[in-house]
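Asks: Predicted model, plus sequence, below.
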There are 2 protein chains.
Amino acid sequence: MTGNLRVDGARLWASLIETAQFGATPKGGLCRPALSAEDAAVRRWFVAAAEAAGCTVGVDAIGNIFARRAGSEAGLAPIAIGSHLDTQPTGGRFDGILGVLAGLELVRTLNDAGHVTRHPIEIIDWTNEEGARFAPAMVAAGVFGGVFDLDYALARTDKAGITLGAALAASGFAGPEPVGHRLAAHYELHIEQGPVLEAAGLEIGVVVGVQGIRWFDVTVSGLACHAGTMPMAMRRDTLNGAARLALAVDAVGRSEPGLSLSTIGIFEAWPGSRNTVPETVRMSVDLRHPEAAGLDRMKAMFRAEAAAIAAALGVDIAIAPVWSSPPVDFAPHCIAAVREAVAMLGYSHQDIVSGAGHDSVYTARVAPTAMIFVPCEGGISHNEAENITPAQAEAGANVLLHTVLAHDAA
Amino acid sequence: MTGNLRVDGARLWASLIETAQFGATPKGGLCRPALSAEDAAVRRWFVAAAEAAGCTVGVDAIGNIFARRAGSEAGLAPIAIGSHLDTQPTGGRFDGILGVLAGLELVRTLNDAGHVTRHPIEIIDWTNEEGARFAPAMVAAGVFGGVFDLDYALARTDKAGITLGAALAASGFAGPEPVGHRLAAHYELHIEQGPVLEAAGLEIGVVVGVQGIRWFDVTVSGLACHAGTMPMAMRRDTLNGAARLALAVDAVGRSEPGLSLSTIGIFEAWPGSRNTVPETVRMSVDLRHPEAAGLDRMKAMFRAEAAAIAAALGVDIAIAPVWSSPPVDFAPHCIAAVREAVAMLGYSHQDIVSGAGHDSVYTARVAPTAMIFVPCEGGISHNEAENITPAQAEAGANVLLHTVLAHDAA
């Protein structure tokens, strides 16, 4: 009966283009930091559009917006469709936005078909997902998921010293609802933000979880000495040690192909004088793996390599853990609903683990959660050049629609 | 007749300690930037001491001080003994100073013995050797050697915007003599500023030349991408390329043991975000070798390795030459005079190539030049902890004395 339902791809695309006026940049991207005037404008647009589509809109104390379409069975918790409308300062038009507007398109499609789901449906705009204005990222979904206290979140400040709470009040989106309520499920459609699906020529990624992440600060210390007077054989060369460690970290990232990732984003030699062997090198290490045991293997390999290099070169290598985010496994029955939708629709697809964080990481703490990825051009995101095609947006929204219907029917 | 002459080691040491009052730091080092009040004070001390030793003192237009002891044969150019009295901001008590005060001790020793050399003797304090206040280093010896114009040198500014010319006038050492005159030879006694002699347990280094130096700025560029979403196999990883290049540069430095040196002092990843593969890495490369052909071999090896790494990883490696200083070979007959003195005195010794720059690099352009090294504790220099023993100072001064006598007798 609902198997033939499809979203209106043109209407979805028109919504994406229409909302891209709020914070549009000359290069075709968006600058819409959380709770800025531009973010408030797109929020008002969303509230009006959701109400026009028959939704009842509620806002909680951290500014999360819930656009609710009633279900037919009393006592069932809502199936949520959530993502975010805020962007990076030089962000794109699809990161997060696709997930919210696809929810709106889903409701419009159900309205057109006159189909009432058993569960209520909630389209959610999570506040400050990007973390570009207020760190940490995903802070409002984190409060919803019990990871952060509300007071902590409201006290976050931007570079100008404005608190998230003050910005929320100024935006008109400090709502009366308490943060956190029961959800039957949370589904999030998102662009991949990486190159895997495009490279494989696939239309849909069935996101089975989110990688675990471990961050370390590493300080390599050796003997600062004169570039012209210290023989190579007598050096305890900090930079050489740090370079060897960088190659070892790269090897750790390649140790489990398709699973392990490693990145060194910060690498600074001090004091940074051209004719002095550096006294210290400070570097960051980012290790990722979809499994906790895999992360442990990577960490052990990294520490063993560091110890071997330190011993071989006579340098000191100090490793300080900075942050750890455990892997997230999405709910099997939610993943099954996504698979069912993809199979019914016939889209080419693969399972994928998200390398980036999403609001779904935190909703997964309190609600069965899964995600759907569509490819993006060149894997580029957090960039004004971020791009997808109307067909990609439509395919993702159709998968979202039938995932929700599958979940609702189960 | 003069073979039994020896300097008075205690007197030399007393001069070193006495002048260490000018710019003394709490940690036992010196802060005596060129033409500072402290430098002017030690210059006045030196002028008074030289005049008390029977010298006639002249000052040239760039502030170089020449303390002259007359010779017995008319028409012979002076044998110069030169170094510098200025220091690094956190410098030691011997770098440069030993060479000037050993010249004073030599004159005092000749006076005590009633020995008049055939050549006049000039003890020279070269202005602003360190370059710590006015860049470039060795600028006044450079004007003497025809490397820099006088106007250029006088126009150099310190961090406060004061020109070297203004500082010279304020110090009272803007002299009337033109810069540059004929020297029969220039000998410089200096601490090694490296660990080679100490490690070998030797008393004297016969300095046969100064290494050539080539500086490069290297920029490695790859694909900036998200640490969590870009598979290792699809990366064009800037940091990995730069780390491999760093190891290749290290190998270049080890390619001709005892001759080649390489150093990376600057290494910075940009933009320096923990979860982003860097877009660029900027690094410095310093290559040194005592022979021009050796420097060429090192440069070729460096460029070939860079090209291979760029091709293997798909990154760009841009190499820009920044500065080149050709190797200096000291005058064979001056080196022979040093060897003769060392042999006669029976000190343990080895030939050595200076890795650091010295005033002698520039005097070598216009006068037969050689240098004598004594070891310093741990090879440490440009540091308040810089140290030598009274016996080391005495040994160096005795070699200097008998080098000058050998040259004078030849």
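Replies: Here it is on my side, so go on. Please read these numbers as outputs of a predicted model, since none were measured by experiment.
Asks: For chain B, give me its nearest residue in the stretch 251-400 of chain A.
Replies: Nearest residue of the stretch 251-400 of chain A to chain B (CB to the nearest CB) works out as A:Gly355 at 2.9 Å. Yep, even glycine has a C-beta here, placed from its N, CA and C like the rest.
Asks: And for A:His115, the neighbour number?
Replies: Here the count is done by other CB atoms under 10 Å in any protein chain shown, and A:His115 has 14 residues near it.
Asks: Let me know whether stretch A:95-111 sits next to chain B.
Replies: No: Stretch A:95-111 is not in contact with chain B by CB under 8 Å from any CB of the partner chain; minimum separation 11.2 Å.
Asks: how about that stretch: buried residues?
Replies: A:95-110 (16 or more other CB atoms under 10 Å in any protein chain shown).
Asks: Now the phi/psi pair for the residue of the stretch 251-400 of chain A closest to chain B, please.
Replies: The phi and psi torsions at A:Gly355 (degrees, to the nearest 10) take the values phi -90, psi -20.
Asks: all strands for the stretch 151-300 of chain A, in order.
Replies: A:185-191, A:204-210, A:212-221, A:225-226, A:261-263, A:267-270, A:276-277, A:280-289 (DSSP state E, counting those that start in this stretch).
Asks: can you tell me which of the buried residues of stretch A:95-111 lies nearest to chain B?
Replies: Nearest member of these to chain B, counting by CB to the nearest CB, is A:Asp95, at 11.2 Å.
Asks: Just confirm the closest one is within a strand.
Replies: No: counting by DSSP: H, G, I helix; E, B strand; the rest coil, A:Asp95 is not part of a strand but coil.
Asks: ok, it touching A:Ser381?
Replies: Yes: at 5.4 Å, A:Asp95 and A:Ser381 qualify as touching, with contact defined as CB atoms under 8 Å.
Asks: tell me, what's touching these two both at once?
Replies: Residues touching both A:Asp95 and A:Ser381 (CB atoms under 8 Å, 6 or more residues apart in numbering or on different chains) are A:191, A:193.
Asks: quick revisit: can you verify my assumption that the residue of the stretch 251-400 of chain A closest to chain B contacts A:Leu261?
Replies: Yes: counting by CB under 8 Å, A:Gly355 does reach A:Leu261; the two are 6.7 Å apart.
Asks: Mutual contacts of the two, please.
Replies: Shared contacts of A:Gly355 and A:Leu261, counting by CB under 8 Å, 6+ apart, come down to A:211, A:288, B:227-228, B:230.
Asks: residues in contact with A:Asn240?
Replies: A:313, B:246-247, B:250.
Asks: got a list of what the residue of the stretch 251-400 of chain A closest to chain B touches?
Replies: A:193-194, A:210-211, A:261, A:288, B:226-230.
Asks: what packs against the longest helix anywhere in chain A?
Replies: Counting by DSSP state H, the longest helix found in chain A is helix A:292-313. Using 3 or more CB pairs under 8 Å, 6 or more residues apart in numbering or on different chains; DSSP states H and E as the contact test, the elements touching helix A:292-313 are strand A:212-221, helix A:238-253, strand A:280-289, strand A:316-325.
Asks: Run a quick neighbour tally on A:Arg297.
Replies: Neighbours of A:Arg297 (other CB under 10 Å): 18.
Asks: do the same with the one 5 residues further on
Replies: Neighbour count for A:Phe302, taken as other CB under 10 Å: 24.
Asks: picking that back up, could you find the closest non-adjacent residue to the residue of the stretch 251-400 of chain A closest to chain B?
Replies: With CB to CB, 6 or more residues apart in numbering or on different chains as the measure, B:Gly228 is the residue that lies nearest to A:Gly355, at 2.9 Å, once sequence neighbours are left out.
Asks: count of residues packed around the one you found?
Replies: With other CB under 10 Å as criterion, B:Gly228 counts 21.
Asks: Please look at it and A:Val196 and confirm they touch.
Replies: No: in this structure, B:Gly228 is not within contact of A:Val196 by CB under 8 Å, at 11.6 Å.
Asks: got CSV for the contacts of A:Asn240, with pLDDT and distance to A:Ser171 too?
Replies: Listed next are those as CSV, based on pLDDT from 0 to 100; distance: CB to CB, whole Å:
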residue, pLDDT, distance to A:Ser171
A:Leu313, 97, 54
B:Ala246, 98, 48
B:Leu247, 98, 52
B:Asp250, 98, 55
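Asks: Which pair in the residues you listed has the greatest spatial separation?
Replies: Pairwise distances across the contacts of A:Asn240 peak at 12.8 Å for A:Leu313 and B:Ala246 (criterion: CB to CB).
Asks: out of those two, which sits in the busier spot?
Replies: Between A:Leu313 and B:Ala246, counting by other CB under 10 Å, B:Ala246 is the more crowded of the two (28 against 20).
Asks: how about the residue lying closest to that one once chain neighbours are set aside, what does it touch?
Replies: Nearest residue to B:Ala246, sequence neighbours excluded (CB to CB, 6+ apart): A:Ala243, at 3.7 Å. Shown in contact with A:Ala243 (CB under 8 Å, 6+ apart): B:242-244, B:246-247, B:250.
Asks: go on, A:Gly23?
Replies: A:Gly23 neighbours (CB under 8 Å, 6+ apart): A:30-32, A:36, A:38-39, A:41-42, A:87.
Asks: now with 7 Å?
Replies: A:30-32, A:38, A:87 (CB atoms under 7 Å, 6 or more residues apart in numbering or on different chains).
Asks: which among those end up buried?
Replies: Among the contacts of A:Gly23, the ones that count as buried (16+ other CB under 10 Å) are A:30-32, A:38, A:87.
Asks: Specify which member of the residues you listed is nearest to B:Ala393.
Replies: Of these, the one sitting nearest to B:Ala393 (CB to CB) turns out to be A:Cys31, at 66.7 Å.
Asks: out of the contacts of A:Asn240, who's nearest B:Gly145?
Replies: B:Asp250 (33.8 Å).
Asks: For that closest one, grab the count of nearby residues.
Replies: 20.
Asks: isn't it right up against B:Ser260?
Replies: No: contact between B:Asp250 and B:Ser260 fails when scored by CB atoms under 7 Å: they sit 10.7 Å apart.
Asks: before we move on, the earlier item: and the contacts of A:Gly355, which two are furthest apart?
Replies: Longest span within the contacts of A:Gly355, CB to CB: A:Val210 and B:Met230, 15.6 Å.
Asks: And A:Met1, what's its pLDDT?
Replies: Per-residue pLDDT puts A:Met1 at 69.
Asks: I should have written A:Glu18 there, sorry.
Replies: 98.
Asks: same question, the one 5 residues further on
Replies: At A:Gly23, the model reports a pLDDT of 98.
Asks: got the contact list for whichever residue of the stretch 51-200 of chain A sits closest to chain B?
Replies: Closest residue of the stretch 51-200 of chain A to chain B, CB to the nearest CB: A:Gly194 (2.8 Å). A:Gly194 makes contacts with A:355, A:379, B:226, B:229-230, as judged by CB under 7 Å, 6+ apart.
Asks: what residue ranges in the stretch 301-410 of chain A are flagged as low confidence?
Replies: Within the stretch 301-410 of chain A, no stretch falls below the threshold (pLDDT under 70).
Asks: interface residues of it facing chain B?
Replies: A:355-356, A:379, A:381 (CB under 7 Å from any CB of the partner chain).
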